[in-house]
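**Q** Output the structure for:
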Amino acid sequence: MKVLIVGAGASGLSCAVCLLSSKGRGFDWAEEIEVLIVDSGRSDLNRALIKNAPGIEPIKGTEILEKTKNQVKALGGEIITGKVKKITREEDKFFALLEDNQEILSDFVVLASGFHRFDIDGLDIELVENPMSPKPGRVMIKHDNFLVSNRLYVAGTLAGISSHYTSCAGSGFEVASLIMKELAGKPVVIHDVIEES
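**A** Okay, the predicted model is just below:
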């Protein structure tokens, strides 16, 4: 099961980490998950200084991006640099076309490319004004609990979430949980616990 995540900011990377961390825990459905992120390099974290995230010492957004991208790769995910130009659907498969004409086939798509604009052709979506943005002209995709249509999800500010790092990261985990629920046929939450000796 390949999951294509469009956008490597807080929500896209968090979604990838959650999905990939489900492997090796005894879930048969999890072992088939592949995650590919297409990163256009436009994340707002490139300009951020995070000073008000609970339990986190002040950190530059660029450091968070680097650490989380490394985490995704260590868990077996793939990140490529590029821009998605078009996504179409044929039955249960998505076909993404990048600007360099590379084609990607996937079973799920998570749109997490931010609220500044949405310029991917081919999808039947409804784009509206983002109600959580303090600035006008920001967009969101209409959805029902992050689900846009069958196996097509939206996360982060593009889902109308507040632009704070913690809000966006949380929405990425939420979308991953919804995908895992679909794959497992029941709710799944991935927790890590300290082993008592």
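**Q** Leu4 falls within a strand, correct?
**A** Yes. Using DSSP: H, G, I helix; E, B strand; the rest coil, the assignment for Leu4 is a strand.
**Q** Excluding chain neighbours, what is closest to it?
**A** Counting by CB to CB, 6 or more residues apart in numbering, Leu4 lies nearest to Ser106, which is 3.8 Å off, once chain neighbours are set aside. For the C-beta atoms, the positions are set from N, CA and C on the backbone; glycine is no exception.
**Q** contacting residues for that neighbour?
**A** Ser106 is in contact with 2-4, 36, 93-94, 96, counting by CB atoms under 8 Å, 6 or more residues apart in numbering.
**Q** okay, now the residue nearest to Gly9 when sequence neighbours are not counted: neighbour count?
**A** Sequence neighbours aside, Ser43 is the residue nearest to Gly9 in space, at 3.5 Å (criterion: CB to CB, 6+ apart). Using other CB atoms under 10 Å, the number of residues around Ser43 comes to 25.
**Q** re the thing from before, please report phi then psi for the residue nearest to Leu4.
**A** phi -150, psi 160 (degrees, to the nearest 10).
**Q** so what's the residue lying closest to Ala30 once chain neighbours are set aside up against?
**A** Spatially, and ignoring its direct neighbours in sequence, Ala30 is nearest to Ser22 (4.0 Å; CB to CB, 6+ apart). Shown in contact with Ser22 (CB under 8 Å, 6+ apart): 30, 33, 180, 188, 190.
**Q** how about JSON lines for the residues you listed, with distance to Arg151 added?
**A** Shown next, in JSON lines, are the contacts of Ser22 (distance: CB to CB, whole Å):
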{"residue": "Ala30", "distance to Arg151": "17"}
{"residue": "Ile33", "distance to Arg151": "13"}
{"residue": "Met180", "distance to Arg151": "13"}
{"residue": "Val188", "distance to Arg151": "16"}
{"residue": "Ile190", "distance to Arg151": "20"}
